[in-house]
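>>> okay, structure incoming, though there's no sequence with it:
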Ligand code: 6FA
Ligand code: ABL
């Protein structure tokens, strides 16, 4: 049966949009290529120590680091070369859940947003009301494994940093630090799946369909009539729209770009790759109907560099190596199962900090730090005690100028075509200055040692030889950038240029990276996009 809105992808962008449109009495079909995630959604993938509960890998915050070490990693999109979540909830079901309410500057025109988007407060407030952040996710309200917080605070205080509750002062991002904040709820993964999706599911005019991969939109010139999927139970895999209906792509920065290419929308080189594919090629509209837009350009991701330290007070929690199997220390497992409290009720980060940095080009950039027990990799000639190691990841956030390009290859897999990290020389010198400042404070903290890089490697040399793929922060935005005609992919209402009824609402429309890890901004943006789409008269 035809619907008013087909939304493609159930990440943070898609779920919130679907909930708000269905709340306005539109008939909404949410198509998701992956399967269930949390126990509440019918997910069943469990750590052995959780058998007998309804808690899946995706529910338990303390299992976050095992996303990167579990050999059965079915949740990643296998046809995208960088990390992207292909399951209900998208990236929001596998991420670290660090959750920052956007600052005014994150939606400013200086950040590339159209003037009409700058009044984000009503939408951010709506988000906060549905999904309040917490920096004490354990159900007993206590904080656990806080040694890293204490040590890094000792590093920051002499450098003039102040301790704040970060989400209480979103605009205050210079020389501040605080507890890591999350969108966990009651000691479990919360996010849009546990909140917005549940209110949508209660409505008769909303339907969620899993395991349905959208290949392309079906269109007649600028008019979209529905979507083509891999679903063999419906004729031609086709899902139709009502007259006046709309398709909203929320398939993520890589996923939505690929659907556009496969629909004949984007740069010609990408559509030509689609044309060469035996399955996708014949589904393209005739080349006279191709729409040339800068899909895949203007992409950014925070460049991030890890520094690894040890301190005698720190408990690296065995570098999270055992949390999935055989399981965390028995007392921690029992505590979590009994009451969703304790160490397993939180993901790995313990402290976040921000600082404004001047740069040689006169443009301010912000440094964000995330500190956590354990380390992803250590290269050192020190002998060190692995049970005492911890990491500070330094991200360059707002103000970065570097941009890259993403696209597809001949197999139609999504991938970066031009890496977006530290292309701009002032981005690079600013991040290096930030790293040097962190490293320079270490000697003031008794017992703290920086082991990667070690004393034979300068910060400059460390950055210069850093594997670009590990500079990836998983914060990809911009492939379907919002902005003016002739420069952008979507207009001020998130409608794809030169189409009547095709929209994009996900990280891909974000013009520049916000201060923090981006999914909080993406969710506020979806609140605002849904309002703009509902207000837009139907013209088709
Ligand atoms: N952001 C934060 O704010 N805090 C974090 O701690 C954080 N950590 C991570 C992280 O640890 C990892 C490993 C990753 C990958 C990302 C992290 N992020 C973090 C970034 C954050 O998760 C993303 O910015 C956010 O999820 C973006 O939301 P979107 O709605 O734009 O897109 P998603 O990729 O989440 O969802 C797309 C959905 O569409 C998926 O469910 C996918 O399966 C589905 N889909 C894709 N193609 C499709 C198709 N053709 N047909 C049907 N469904 C499709
Ligand atoms: C984020 O926003 C990043 O996208 C993730 O990369 C980050 O997690 C989480 N938040 C938490 O800060 C890191 C893990 O802690 C590392 O162990 C892992 O190697 C890395 O992601 C992979 O990108």
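Thanks, I have it. Bear in mind the structure is a predicted one, so any value in this text is a computation, not a measurement. Numbering: from 1, shown residues only. Ligands and ions are numbered 1, 2, ... in the order given.
>>> now do the same contact list for residue 212.
Counting by CB atoms under 8 Å, 6 or more residues apart in numbering, residue 212 makes contact with 31, 32, 33, 229, 230, 231. Heads up, the C-betas are built off the backbone N, CA and C, glycines and all.
>>> between those, which sits nearest ligand 1?
Taking CB to the nearest ligand atom as the measure, residue 33 is the one of the contacts of residue 212 closest to ligand 1, at 3.6 Å.
>>> so who does the closest one touch?
The contact partners of residue 33, taken as CB under 8 Å, 6+ apart, are 9, 86, 211, 212, 213, 214, 251.
>>> and the helix or strand encompassing residue 18 with ligand 1, contact?
Using DSSP states H and E, residue 18 falls within helix 12-23. Yes - part of helix 12-23 sits near ligand 1 under the criterion CB under 6 Å from any ligand atom, namely 12, 13, 14.
>>> pLDDT at the residue in the chain that ligand 2 sits nearest to, what is it?
Shortest the chain-to-ligand 2 distance, computed as CB to the nearest ligand atom: residue-wise this is residue 96, at 2.8 Å. Residue 96 is assigned a predicted lDDT (pLDDT) of 98.
>>> then residue 359?
According to the prediction, residue 359 has pLDDT 89.
>>> next one: it from residue 438, what distance?
Per CB to CB, to the nearest Å, residue 359 is found 17 Å from residue 438.
>>> the two: which has the busier surroundings?
In this comparison of residue 359 against residue 438, neighbours counted by other CB atoms under 10 Å, the higher total goes to residue 438 at 23 against 20.
>>> OK, contacts around the more buried one?
When contacts are taken as CB under 8 Å, 6+ apart, residue 438 is in contact with 155, 307, 369, 392, 394.
>>> how about the contacts made by residue 473?
Residue 473 makes contact with 301, 302, 303, 304, 395, 517, according to CB under 8 Å, 6+ apart.
>>> mind doing that once more with 6 Å?
Residue 473 makes contact with 301, 302, 304, 395 under the criterion CB atoms under 6 Å, 6 or more residues apart in numbering.
>>> quick check: phi and psi on the closest residue to it other than its chain neighbours?
In space, not counting the residues next to it along the chain, residue 473 is nearest to residue 302; the distance is 4.1 Å by CB to CB, 6 or more residues apart in numbering. Residue 302 adopts backbone torsions of phi -60, psi 130, taken as degrees, to the nearest 10.
>>> ok, now residue 442?
Taking degrees, to the nearest 10 as the convention, residue 442 sits at phi -60, psi -40.
>>> burial of it, as a residue count?
The local packing of residue 442 (other CB under 10 Å) involves 14 other residues.
>>> and it, how close does it get to residue 376?
Summarising the geometry, the distance separating residue 442 from residue 376, computed by CB to CB, is 20 Å.
>>> quick one: the strands in the stretch 351-500 of the chain?
351-357, 365-373, 389-396, 405-408, 414-418, 449-452 (DSSP state E, counting those that start in this stretch).
>>> can those go into CSV with extra columns for mean neighbour count and distance to ligand 2?
Converted to CSV, these look like this (neighbours: other CB atoms under 10 Å; distance: least, CB to the nearest ligand atom, whole Å):
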stretch, mean neighbour count, distance to ligand 2
strand 351-357, 22, 9
strand 365-373, 24, 5
strand 389-396, 24, 6
strand 405-408, 24, 16
strand 414-418, 18, 14
strand 449-452, 20, 13
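>>> turn those strands into JSON lines, including distance to residue 77.
Supplementary listing: these in JSON lines, determined by distance: least, CB to CB, whole Å:
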{"stretch": "strand 351-357", "distance to residue 77": "27"}
{"stretch": "strand 365-373", "distance to residue 77": "24"}
{"stretch": "strand 389-396", "distance to residue 77": "23"}
{"stretch": "strand 405-408", "distance to residue 77": "13"}
{"stretch": "strand 414-418", "distance to residue 77": "8"}
{"stretch": "strand 449-452", "distance to residue 77": "30"}
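>>> what residues does the protein have near ligand 2?
So the chain meets ligand 2 at 65, 68, 96, 98, 348-349, 370, 372, 376, 473-475, 517 (CB under 6 Å from any ligand atom).
>>> recalculate using a threshold of 8 Å.
The interface of the chain toward ligand 2, taken as CB under 8 Å from any ligand atom, is made up of 64-65, 68, 83, 95-98, 180, 304, 320, 347-349, 370, 372, 374-376, 391, 393, 470, 472-475, 517-519.
>>> between the residues of helix 12-23 next to ligand 1, which has the most around it?
Neighbours here mean other CB under 10 Å. Within the residues of helix 12-23 next to ligand 1, the largest count is held by residue 13, at 35 neighbours.
>>> quick check: which of the contacts of residue 212 are also close to ligand 1?
Within the set of those, contact with ligand 1 (CB under 8 Å from any ligand atom) is found for 31, 32, 33, 229.
>>> max pairwise distance over those residues: which two?
Checked with CB to CB, the ones next to ligand 1 among the contacts of residue 212 reach their widest spread between 32 and 229, with 11.0 Å between them.
>>> more neighbours: those two, which one.
Between residue 32 and residue 229, counted using other CB under 10 Å, the more crowded position is residue 32 (28 against 22).
>>> surely that one meets residue 7?
No - under the criterion of CB atoms under 6 Å, residue 32 makes no contact with residue 7, lying 9.2 Å away.
>>> pretty sure residue 323 contacts residue 66?
Yes - counting by CB under 6 Å, residue 66 is a contact partner of residue 323 at 5.5 Å.
>>> neighbour count winner among those two?
Between residue 323 and residue 66, counting by other CB under 10 Å, residue 323 is the more crowded of the two (27 against 18).
>>> which of the three states applies to the more buried one?
Counting by DSSP: H, G, I helix; E, B strand; the rest coil, the backbone at residue 323 sits in coil.
>>> what's near enough to touch it?
62, 63, 66.
>>> what's the pLDDT at it?
Per-residue confidence (pLDDT) for residue 323: 98.
>>> which residues touch the nearest residue to residue 32 once chain neighbours are set aside?
Nearest non-adjacent residue to residue 32, counting by CB to CB, 6+ apart: residue 10, 4.1 Å away. When the contact criterion is CB under 6 Å, 6+ apart, the partners of residue 10 are 30, 32, 88.
>>> first vs last residue of stretch 192-202, how far apart are they?
In stretch 192-202, first residue to last residue: 14 Å (CA to CA, to the nearest Å).
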